[in-house]
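Peer 1: here is my input, please return the structure:
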Amino acid sequence: MRAFSSLNLNKDFRRAYYHGKSFVTPSVVVYFSKNRENTCRMGITTSKKIGCAVRRNRARRVIRAAFDELYRNEKVIEGLKGKDVVIVARTRATNVKSTVVLEHLSDAFASYGLLPKSQPECD
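Peer 2: Below you'll find the model as predicted:
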């Protein structure tokens, strides 16, 4: 069972867009804003620029899977209490796997301060 709920109302999305803090990655744009509840609420937006309904649904599925994987981290759960997270799919989100989106979401969450910054691997 999910520990977060979904954003459904347009006013909640608009509040995140206008008053939230945004982070841009190659496949998604992530907005963080405060809410008046003690839970995390998450919403995903895909526009028609992404493609047909099949592509938009795939992008939402991939983003949701990556967010679910990231939300298993205790530090992320504690940091997102009382926050709204809006994830906007970009065109590249339809062509990548959920592991790539997970890396991009991790970078955005690290920029927000919920995760430590990832160090580049040296071989």
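
Peer 1: switch to C-alpha atoms for all contacts and neighbour counts from now on
Peer 2: Will do.

Peer 1: can you give me the strands for the chain?
Peer 2: 5-6, 21-24, 28-34, 41-45, 83-89 (DSSP state E).

Peer 1: buried ones in the helix or strand of the chain with the lowest mean pLDDT?
Peer 2: When the helices and strands of the chain are compared on mean pLDDT, DSSP states H and E, helix 74-79 comes out lowest with a mean of 83. Residues 76-77 are the ones in helix 74-79 that count as buried (16 or more other Cα atoms under 10 Å).

Peer 1: put the alpha carbons of that helix into PDB.
Peer 2: As requested, C-alpha coordinates have been extracted for helix 74-79 and formatted as PDB (Å, rounded to 0.1, in the frame of the first residue of the first chain):
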ATOM      1  CA  GLU A  74      13.400   6.300   5.000                       C
ATOM      2  CA  LYS A  75      15.100   9.700   4.600                       C
ATOM      3  CA  VAL A  76      12.900  10.500   1.600                       C
ATOM      4  CA  ILE A  77       9.800   9.500   3.400                       C
ATOM      5  CA  GLU A  78      10.600  11.800   6.400                       C
ATOM      6  CA  GLY A  79      11.700  14.600   4.100                       C
END
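
Peer 1: which outside residues touch it?
Peer 2: Contact partners of helix 74-79, identified using Cα atoms under 8 Å, 6 or more residues apart in numbering, comprise 70-71, 114-115.

Peer 1: can you do 6 Å?
Peer 2: Under the contact criterion Cα atoms under 6 Å, 6 or more residues apart in numbering, helix 74-79 has outside partners residue 114.
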